[in-house]
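Peer 1: just coords:
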């Protein structure tokens, strides 16, 4: 069982809403949720408007965990994460599908939302307990507010993507050049 991939589920859900754009919400209707579940055929086929409503609400609650960690309020973030773990418990099972050895999976029972969120919060909980909560990040490139998992060895990640890192570095370079030009004149 790859627990980091489960934590990535939380990032994927939170980032369905681009806070820097007025039209940045990708979960506005059932078609958007089905597109979100494109790689999960069973969830895609069985998701309902209730799942859409729940996923949108949980998305905000997961974002709050990332933002609280970013703000340095780790105890509050962990209380929120524990609440989600209580609401969406995992049910592990041992399986040997696809000619693989026996290994652990999380049960496929419950609604699409219940299955997805249970995996996501379990992955986040595992990540913060094995690596530390400061591995949850919010992009530092203005105006981006996407979240990310910092799995770098030196805990140095500050941006959600190479694109945002490049944009921030170019902006900083231009600001330095402008400052140097002003100082020279």
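Peer 2: Perfect, thanks for sending it. Note that the structure is a prediction, hence the values are computed from the model and not measured. Numbers count the residues shown, from 1 in each chain.
Peer 1: Residue ranges in the protein under the pLDDT threshold?
Peer 2: 1-3 (pLDDT under 70).
Peer 1: cutoff 90 now
Peer 2: 1-5, 19-23, 42, 89-101, 103-110, 131, 142, 151-156, 167-185 (pLDDT under 90).
Peer 1: What are the boundaries of the strands in it?
Peer 2: 92-95, 103-106, 136-138, 147-149 (DSSP state E).
Peer 1: Parallel or antiparallel, list what pairs with the second one.
Peer 2: Applying DSSP bridges, strand 103-106 is found paired with strand 92-95 (antiparallel).
Peer 1: can you list the residues that contact the strand it pairs with?
Peer 2: 102, 103, 104, 105, 106, 107 (CB atoms under 8 Å, 6 or more residues apart in numbering). Placement of C-beta: from N, CA and C, glycine included.
Peer 1: go on, stretch 37-44?
Peer 2: By CB under 8 Å, 6+ apart, stretch 37-44 touches 34, 47, 108, 112, 115, 116.
Peer 1: hmm, which two among the residues you listed are most spread apart?
Peer 2: For those, the maximum inter-member distance is 18.3 Å, found between 34 and 108 (CB to CB).
Peer 1: in stretch 131-150, what's buried?
Peer 2: 131, 133, 135-139, 141, 144-150 (16 or more other CB atoms under 10 Å).
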